[in-house]
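# Here is a sequence together with a model predicted from it:
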Amino acid sequence: MTEAPRITRAALIRRFSFAFYLLLYPLPWLAQGTTPRAVIAFLIGAGLFLVLPFLPGRYALTVGLRAGVYALIGTALIPFGGYWGIFFISAAATCGAIRSRVSRFASLAPILAVYGFLSWRFDEGLIGSLITLIVALGVLTTTRLSMDLQRQNEALAAAQEEIRALTLVTERERFARDLHDTLGHSLTLIALKSDLALRHLPDNPESAAWELREIGEKTRQALAETRLAVSAIRLTTLKQALTEGCLSLEKAGIKVTLIGDTAMMPPRSEGVLVMILREALTNILRHARAETCAIRFGRNPQEEAELEISDSRSTTSESEIALSFREGNGIEGMRARLAELEGSLFIEPRRDGTTLLITLGNAP
(Lines give C-alpha, C1' and ligand atoms only; values in the text may rest on other atoms or scores of the structure.)
Protein backbone atom coordinates (compact mmCIF):
# COMPACT_ATOMS: atom_id res chain seq x y z
CA MET A 1 0.00 0.00 0.00
CA THR A 2 1.57 3.29 -1.08
CA GLU A 3 0.93 6.64 0.55
CA ALA A 4 2.19 9.77 -1.14
CA PRO A 5 3.38 12.35 1.41
CA ARG A 6 1.56 15.61 1.78
CA ILE A 7 3.33 18.87 2.62
CA THR A 8 1.29 20.44 5.39
CA ARG A 9 2.05 22.92 8.12
CA ALA A 10 1.80 20.11 10.68
CA ALA A 11 4.28 18.01 8.65
CA LEU A 12 6.76 20.89 8.54
CA ILE A 13 6.49 21.42 12.27
CA ARG A 14 7.02 17.71 12.98
CA ARG A 15 9.97 17.53 10.62
CA PHE A 16 11.88 20.51 11.92
CA SER A 17 11.06 19.81 15.57
CA PHE A 18 12.51 16.32 15.14
CA ALA A 19 15.60 17.92 13.59
CA PHE A 20 16.60 18.93 17.13
CA TYR A 21 16.93 15.25 17.99
CA LEU A 22 19.65 14.99 15.39
CA LEU A 23 21.83 16.90 17.81
CA LEU A 24 22.00 13.67 19.82
CA TYR A 25 24.11 12.07 17.10
CA PRO A 26 27.31 14.10 17.76
CA LEU A 27 27.10 13.85 21.58
CA PRO A 28 29.56 10.90 21.77
CA TRP A 29 32.10 13.13 20.01
CA LEU A 30 32.30 15.27 23.14
CA ALA A 31 33.97 12.36 24.94
CA GLN A 32 35.98 10.69 22.19
CA GLY A 33 36.51 13.45 19.65
CA THR A 34 35.81 13.34 15.91
CA THR A 35 37.20 14.16 12.48
CA PRO A 36 36.21 16.62 9.71
CA ARG A 37 35.23 13.63 7.59
CA ALA A 38 32.76 12.48 10.27
CA VAL A 39 31.27 15.98 10.55
CA ILE A 40 30.79 16.18 6.77
CA ALA A 41 29.19 12.72 6.69
CA PHE A 42 26.80 13.71 9.49
CA LEU A 43 25.82 16.95 7.74
CA ILE A 44 25.10 15.07 4.51
CA GLY A 45 23.00 12.52 6.34
CA ALA A 46 21.12 15.18 8.31
CA GLY A 47 20.46 17.19 5.14
CA LEU A 48 19.09 14.11 3.37
CA PHE A 49 16.96 13.35 6.42
CA LEU A 50 15.40 16.83 6.32
CA VAL A 51 14.63 17.05 2.59
CA LEU A 52 13.34 13.53 1.92
CA PRO A 53 9.71 14.23 2.97
CA PHE A 54 9.48 17.19 0.59
CA LEU A 55 10.76 15.73 -2.65
CA PRO A 56 8.44 16.86 -5.47
CA GLY A 57 6.31 14.82 -7.86
CA ARG A 58 7.74 11.57 -9.16
CA TYR A 59 10.73 11.83 -6.83
CA ALA A 60 8.54 11.62 -3.74
CA LEU A 61 8.96 8.49 -1.64
CA THR A 62 6.22 6.52 0.08
CA VAL A 63 6.15 6.69 3.86
CA GLY A 64 7.41 3.14 4.29
CA LEU A 65 10.28 3.61 1.83
CA ARG A 66 11.26 6.87 3.49
CA ALA A 67 11.47 5.10 6.86
CA GLY A 68 13.78 2.53 5.26
CA VAL A 69 16.04 5.30 3.90
CA TYR A 70 16.33 6.83 7.39
CA ALA A 71 17.48 3.44 8.68
CA LEU A 72 20.05 3.27 5.85
CA ILE A 73 21.36 6.73 6.77
CA GLY A 74 21.81 5.59 10.36
CA THR A 75 23.60 2.43 9.17
CA ALA A 76 25.92 4.45 6.91
CA LEU A 77 26.89 6.75 9.81
CA ILE A 78 27.88 3.93 12.19
CA PRO A 79 31.64 4.16 11.39
CA PHE A 80 31.80 7.85 12.37
CA GLY A 81 31.31 7.30 16.09
CA GLY A 82 28.03 9.15 16.64
CA TYR A 83 24.72 8.06 18.11
CA TRP A 84 23.46 6.45 14.91
CA GLY A 85 20.42 4.94 16.66
CA ILE A 86 18.67 8.32 16.42
CA PHE A 87 17.98 7.66 12.72
CA PHE A 88 16.34 4.33 13.55
CA ILE A 89 14.16 6.15 16.08
CA SER A 90 13.18 8.55 13.31
CA ALA A 91 12.46 5.60 11.02
CA ALA A 92 10.13 4.10 13.66
CA ALA A 93 8.37 7.46 14.07
CA THR A 94 7.86 7.65 10.31
CA CYS A 95 6.28 4.18 10.31
CA GLY A 96 3.69 5.61 12.68
CA ALA A 97 2.38 7.76 9.79
CA ILE A 98 1.39 4.66 7.78
CA ARG A 99 -2.39 4.24 8.03
CA SER A 100 -2.62 0.50 7.40
CA ARG A 101 -1.74 -1.47 10.51
CA VAL A 102 -0.38 -4.37 8.44
CA SER A 103 1.78 -2.09 6.30
CA ARG A 104 2.92 -0.19 9.37
CA PHE A 105 4.25 -3.22 11.19
CA ALA A 106 5.55 -4.74 7.95
CA SER A 107 7.79 -1.69 7.65
CA LEU A 108 8.62 -1.40 11.35
CA ALA A 109 9.60 -5.02 12.03
CA PRO A 110 12.60 -5.22 9.63
CA ILE A 111 13.82 -1.79 10.76
CA LEU A 112 13.88 -2.84 14.41
CA ALA A 113 15.36 -6.21 13.49
CA VAL A 114 18.19 -4.51 11.57
CA TYR A 115 18.81 -2.16 14.49
CA GLY A 116 18.96 -5.08 16.92
CA PHE A 117 21.45 -6.93 14.74
CA LEU A 118 23.66 -3.86 14.17
CA SER A 119 23.57 -2.98 17.86
CA TRP A 120 24.73 -6.49 18.74
CA ARG A 121 27.29 -6.52 15.90
CA PHE A 122 28.92 -3.27 16.98
CA ASP A 123 28.52 -3.95 20.70
CA GLU A 124 26.44 -0.89 21.57
CA GLY A 125 25.55 -2.29 24.98
CA LEU A 126 22.32 -3.89 26.13
CA ILE A 127 21.04 -0.93 28.16
CA GLY A 128 21.68 1.59 25.38
CA SER A 129 20.03 -0.66 22.79
CA LEU A 130 16.97 -1.24 24.98
CA ILE A 131 16.59 2.50 25.58
CA THR A 132 16.73 3.14 21.83
CA LEU A 133 14.12 0.45 21.15
CA ILE A 134 11.80 1.78 23.88
CA VAL A 135 12.11 5.34 22.58
CA ALA A 136 11.49 4.11 19.02
CA LEU A 137 8.25 2.38 20.06
CA GLY A 138 7.26 5.46 22.05
CA VAL A 139 7.66 7.87 19.15
CA LEU A 140 5.88 5.37 16.89
CA THR A 141 2.86 5.49 19.21
CA THR A 142 3.06 9.28 19.52
CA THR A 143 3.15 9.73 15.75
CA ARG A 144 0.24 7.33 15.33
CA LEU A 145 -1.86 9.25 17.84
CA SER A 146 -0.86 12.57 16.27
CA MET A 147 -1.87 11.39 12.80
CA ASP A 148 -5.19 10.04 14.11
CA LEU A 149 -5.91 13.34 15.84
CA GLN A 150 -5.05 15.27 12.70
CA ARG A 151 -7.39 13.12 10.60
CA GLN A 152 -10.16 13.50 13.16
CA ASN A 153 -9.69 17.27 13.13
CA GLU A 154 -9.83 17.29 9.35
CA ALA A 155 -12.99 15.15 9.39
CA LEU A 156 -14.53 17.47 12.00
CA ALA A 157 -13.66 20.54 9.94
CA ALA A 158 -15.18 18.91 6.85
CA ALA A 159 -18.33 18.02 8.80
CA GLN A 160 -18.63 21.57 10.12
CA GLU A 161 -18.24 22.95 6.62
CA GLU A 162 -20.94 20.57 5.38
CA ILE A 163 -23.24 21.64 8.20
CA ARG A 164 -22.66 25.30 7.31
CA ALA A 165 -23.42 24.55 3.67
CA LEU A 166 -26.61 22.62 4.54
CA THR A 167 -27.68 25.39 6.91
CA LEU A 168 -27.21 27.93 4.15
CA VAL A 169 -29.23 25.79 1.71
CA THR A 170 -32.00 25.34 4.29
CA GLU A 171 -32.09 29.05 5.01
CA ARG A 172 -32.24 29.87 1.31
CA GLU A 173 -35.09 27.41 0.81
CA ARG A 174 -36.95 28.88 3.78
CA PHE A 175 -36.43 32.39 2.44
CA ALA A 176 -37.61 31.30 -1.01
CA ARG A 177 -40.78 29.80 0.53
CA ASP A 178 -41.39 32.92 2.60
CA LEU A 179 -40.90 35.19 -0.38
CA HIS A 180 -43.17 33.02 -2.53
CA ASP A 181 -45.87 32.96 0.14
CA THR A 182 -45.47 36.68 0.71
CA LEU A 183 -45.62 37.82 -2.91
CA GLY A 184 -47.59 35.03 -4.60
CA HIS A 185 -50.98 35.76 -3.09
CA SER A 186 -50.59 39.54 -3.15
CA LEU A 187 -49.40 39.74 -6.75
CA THR A 188 -52.15 37.37 -7.92
CA LEU A 189 -54.75 39.54 -6.21
CA ILE A 190 -53.23 42.71 -7.65
CA ALA A 191 -53.33 41.21 -11.16
CA LEU A 192 -57.00 40.23 -10.77
CA LYS A 193 -57.98 43.65 -9.45
CA SER A 194 -56.09 45.33 -12.30
CA ASP A 195 -58.18 43.32 -14.77
CA LEU A 196 -61.35 44.30 -12.92
CA ALA A 197 -60.38 47.97 -12.98
CA LEU A 198 -59.85 47.81 -16.74
CA ARG A 199 -63.25 46.20 -17.22
CA HIS A 200 -64.95 48.98 -15.24
CA LEU A 201 -63.39 51.66 -17.44
CA PRO A 202 -64.80 53.84 -18.88
CA ASP A 203 -68.39 52.87 -18.04
CA ASN A 204 -68.04 52.56 -14.24
CA PRO A 205 -65.26 54.90 -13.04
CA GLU A 206 -66.31 54.66 -9.36
CA SER A 207 -65.83 50.89 -9.29
CA ALA A 208 -62.55 51.25 -11.16
CA ALA A 209 -61.35 53.79 -8.61
CA TRP A 210 -62.31 51.45 -5.77
CA GLU A 211 -60.34 48.60 -7.37
CA LEU A 212 -57.34 50.89 -7.84
CA ARG A 213 -57.45 51.86 -4.18
CA GLU A 214 -57.51 48.16 -3.30
CA ILE A 215 -54.49 47.61 -5.55
CA GLY A 216 -52.62 50.38 -3.73
CA GLU A 217 -53.45 48.90 -0.34
CA LYS A 218 -52.42 45.38 -1.34
CA THR A 219 -49.22 46.71 -2.90
CA ARG A 220 -48.25 48.51 0.30
CA GLN A 221 -49.02 45.38 2.34
CA ALA A 222 -46.95 43.19 0.00
CA LEU A 223 -44.07 45.67 0.25
CA ALA A 224 -44.19 45.57 4.05
CA GLU A 225 -44.25 41.75 4.05
CA THR A 226 -41.35 41.61 1.61
CA ARG A 227 -39.28 43.91 3.80
CA LEU A 228 -39.91 41.63 6.76
CA ALA A 229 -38.92 38.54 4.76
CA VAL A 230 -35.75 40.17 3.44
CA SER A 231 -34.77 41.39 6.89
CA ALA A 232 -34.89 37.75 8.08
CA ILE A 233 -31.72 36.91 6.17
CA ARG A 234 -29.70 39.57 7.94
CA LEU A 235 -28.09 38.91 11.30
CA THR A 236 -29.65 41.46 13.65
CA THR A 237 -30.26 41.92 17.33
CA LEU A 238 -33.68 41.53 18.90
CA LYS A 239 -33.93 45.30 19.25
CA GLN A 240 -33.17 45.82 15.56
CA ALA A 241 -35.66 43.11 14.53
CA LEU A 242 -38.30 44.76 16.73
CA THR A 243 -37.67 48.16 15.15
CA GLU A 244 -37.84 46.76 11.61
CA GLY A 245 -41.00 44.76 12.38
CA CYS A 246 -42.79 47.70 13.96
CA LEU A 247 -41.91 49.90 10.99
CA SER A 248 -43.34 47.31 8.58
CA LEU A 249 -46.57 47.07 10.60
CA GLU A 250 -46.96 50.84 10.76
CA LYS A 251 -46.40 51.19 7.02
CA ALA A 252 -49.18 48.64 6.53
CA GLY A 253 -51.49 50.84 8.61
CA ILE A 254 -51.28 48.83 11.84
CA LYS A 255 -50.84 50.82 15.05
CA VAL A 256 -48.14 49.31 17.30
CA THR A 257 -47.91 49.52 21.09
CA LEU A 258 -44.69 48.50 22.88
CA ILE A 259 -44.58 47.49 26.54
CA GLY A 260 -41.34 46.67 28.34
CA ASP A 261 -37.90 46.36 26.80
CA THR A 262 -35.92 43.73 24.89
CA ALA A 263 -33.26 43.87 27.62
CA MET A 264 -35.63 41.86 29.83
CA MET A 265 -35.16 38.81 27.61
CA PRO A 266 -32.45 36.17 28.30
CA PRO A 267 -29.38 37.04 26.15
CA ARG A 268 -28.79 33.47 25.00
CA SER A 269 -32.37 33.33 23.67
CA GLU A 270 -31.93 36.35 21.42
CA GLY A 271 -31.39 34.44 18.16
CA VAL A 272 -34.53 32.34 18.66
CA LEU A 273 -36.58 35.37 19.72
CA VAL A 274 -35.51 37.27 16.59
CA MET A 275 -36.81 34.46 14.36
CA ILE A 276 -40.03 34.06 16.37
CA LEU A 277 -40.73 37.80 16.42
CA ARG A 278 -40.28 38.06 12.66
CA GLU A 279 -42.47 35.02 12.06
CA ALA A 280 -45.18 36.41 14.34
CA LEU A 281 -45.22 39.88 12.77
CA THR A 282 -45.19 38.37 9.27
CA ASN A 283 -48.24 36.28 10.20
CA ILE A 284 -50.03 39.40 11.42
CA LEU A 285 -49.31 41.14 8.13
CA ARG A 286 -50.46 38.15 6.08
CA HIS A 287 -53.47 36.81 7.94
CA ALA A 288 -54.85 39.07 10.65
CA ARG A 289 -56.06 42.15 8.75
CA ALA A 290 -55.25 43.77 12.10
CA GLU A 291 -55.71 47.40 13.07
CA THR A 292 -53.52 47.33 16.19
CA CYS A 293 -50.69 45.20 17.54
CA ALA A 294 -49.35 45.15 21.11
CA ILE A 295 -45.89 43.71 21.86
CA ARG A 296 -44.97 43.16 25.51
CA PHE A 297 -41.65 42.12 27.03
CA GLY A 298 -41.81 41.23 30.72
CA ARG A 299 -41.61 38.71 33.55
CA ASN A 300 -44.33 36.66 35.16
CA PRO A 301 -44.66 36.07 38.96
CA GLN A 302 -42.31 33.09 38.63
CA GLU A 303 -39.67 35.45 37.15
CA GLU A 304 -39.89 33.71 33.80
CA ALA A 305 -39.23 35.86 30.73
CA GLU A 306 -42.31 36.44 28.57
CA LEU A 307 -42.92 37.81 25.10
CA GLU A 308 -46.57 38.54 24.32
CA ILE A 309 -47.79 39.59 20.88
CA SER A 310 -51.46 40.53 20.44
CA ASP A 311 -53.25 41.74 17.33
CA SER A 312 -56.79 43.05 17.13
CA ARG A 313 -59.26 44.55 14.71
CA SER A 314 -62.91 45.56 14.57
CA THR A 315 -65.13 42.59 13.74
CA THR A 316 -67.76 42.93 11.03
CA SER A 317 -69.91 40.03 12.15
CA GLU A 318 -70.41 37.83 15.19
CA SER A 319 -69.14 34.74 13.34
CA GLU A 320 -65.98 36.32 11.97
CA ILE A 321 -62.84 35.64 13.98
CA ALA A 322 -59.47 37.01 12.80
CA LEU A 323 -56.68 34.50 13.46
CA SER A 324 -53.11 35.50 12.77
CA PHE A 325 -51.70 32.26 14.20
CA ARG A 326 -52.75 28.77 13.20
CA GLU A 327 -50.87 25.49 13.17
CA GLY A 328 -48.92 25.57 9.95
CA ASN A 329 -48.29 29.31 9.97
CA GLY A 330 -44.81 28.85 11.38
CA ILE A 331 -46.12 27.78 14.78
CA GLU A 332 -44.51 24.35 14.55
CA GLY A 333 -41.15 25.96 13.81
CA MET A 334 -41.57 28.33 16.75
CA ARG A 335 -42.27 25.46 19.13
CA ALA A 336 -39.23 23.53 17.88
CA ARG A 337 -36.97 26.52 18.48
CA LEU A 338 -38.45 27.15 21.93
CA ALA A 339 -38.07 23.50 22.91
CA GLU A 340 -34.30 23.92 22.67
CA LEU A 341 -34.56 26.61 25.38
CA GLU A 342 -37.14 24.74 27.51
CA GLY A 343 -39.64 27.40 26.54
CA SER A 344 -43.35 27.21 25.74
CA LEU A 345 -45.87 28.80 23.40
CA PHE A 346 -49.54 29.49 24.07
CA ILE A 347 -52.09 30.76 21.51
CA GLU A 348 -55.30 32.45 22.62
CA PRO A 349 -57.77 33.12 19.79
CA ARG A 350 -60.17 35.97 20.48
CA ARG A 351 -63.21 37.40 18.71
CA ASP A 352 -61.18 40.44 17.62
CA GLY A 353 -57.77 38.84 17.11
CA THR A 354 -55.14 36.55 18.59
CA THR A 355 -52.68 36.61 21.49
CA LEU A 356 -49.38 34.75 21.28
CA LEU A 357 -47.61 34.19 24.62
CA ILE A 358 -44.04 32.90 24.68
CA THR A 359 -42.47 31.86 28.00
CA LEU A 360 -38.72 31.29 28.21
CA GLY A 361 -38.35 30.06 31.78
CA ASN A 362 -35.38 31.15 33.86
CA ALA A 363 -32.78 30.56 31.15
CA PRO A 364 -29.87 33.01 31.67
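Structure's in. What do you need?
# For residue 119, give me its contacts.
Counting by Cβ atoms under 8 Å, 6 or more residues apart in numbering, residue 119 makes contact with 85, 128, 129, 132. To be clear about C-beta, it is placed using only N, CA and C from the backbone, and glycine gets the same treatment.
# Show the buried residues in these.
85, 129, 132 (16 or more other Cβ atoms under 10 Å).
# so where's the stretch 51-200 of the chain shaky on pLDDT?
Residue ranges of the stretch 51-200 of the chain with pLDDT under 70: 168, 171, 174-175, 177-185.
# same thing but at 80, please
57, 123-124, 150, 157, 160-161, 163-189, 191-193, 196 (pLDDT under 80).
# one step back: switch the buried ones among the contacts of residue 119 over to JSON lines; also include secondary structure.
Compiled in JSON lines, the buried ones among the contacts of residue 119 are given as follows (DSSP: H, G, I helix; E, B strand; the rest coil):
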{"residue": "85", "secondary structure": "helix"}
{"residue": "129", "secondary structure": "helix"}
{"residue": "132", "secondary structure": "helix"}
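# ok so, going back, is it possible to get CSV of the contacts of residue 119 that adds distance to residue 224?
CSV is the format used below for these (distance: Cβ to Cβ, whole Å):
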residue, distance to residue 224
85, 79
128, 84
129, 83
132, 78
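# Start from the N-terminal end of the stretch 201-350 of the chain and give the helices.
Secondary structure of the stretch 201-350 of the chain (DSSP state H, counting those that start in this stretch): helices at 205-231, 238-251, 270-283, 331-339.
# what's in contact with the shortest one?
Here helix 331-339 makes contact (Cβ under 8 Å, 6+ apart) with 272, 275, 276, 279, 280, 325, 344, 345, 347, 358, 360.
# Buried ones in it, by neighbour count?
331, 334, 337, 338.
# what's the closest of the helices of the stretch 201-350 of the chain to residue 308?
Across these, residue 308 has its closest neighbour in helix 270-283 (10.2 Å, Cβ to Cβ).
# Now do the closest one: which elements does it pack against?
On a contact count with 3 or more Cβ pairs under 8 Å, 6 or more residues apart in numbering; DSSP states H and E, helix 270-283 meets helix 205-231, helix 238-251, strand 305-312, helix 331-339, strand 353-359.
# Let's see that with 10 Å instead.
Applying 3 or more Cβ pairs under 10 Å, 6 or more residues apart in numbering; DSSP states H and E, one finds that helix 270-283 makes contact with helix 126-200, helix 205-231, helix 238-251, strand 292-299, strand 305-312, helix 331-339, strand 353-359.
# tell me the mean pLDDT over the last one?
This means strand 353-359. Throughout strand 353-359, pLDDT has a mean value of 89.
# Which secondary structure elements does it sit against?
Counting contacts by 3+ Cβ pairs under 10 Å, 6+ apart, strand 353-359 packs against helix 270-283, strand 292-299, strand 305-312, helix 331-339, strand 344-350.
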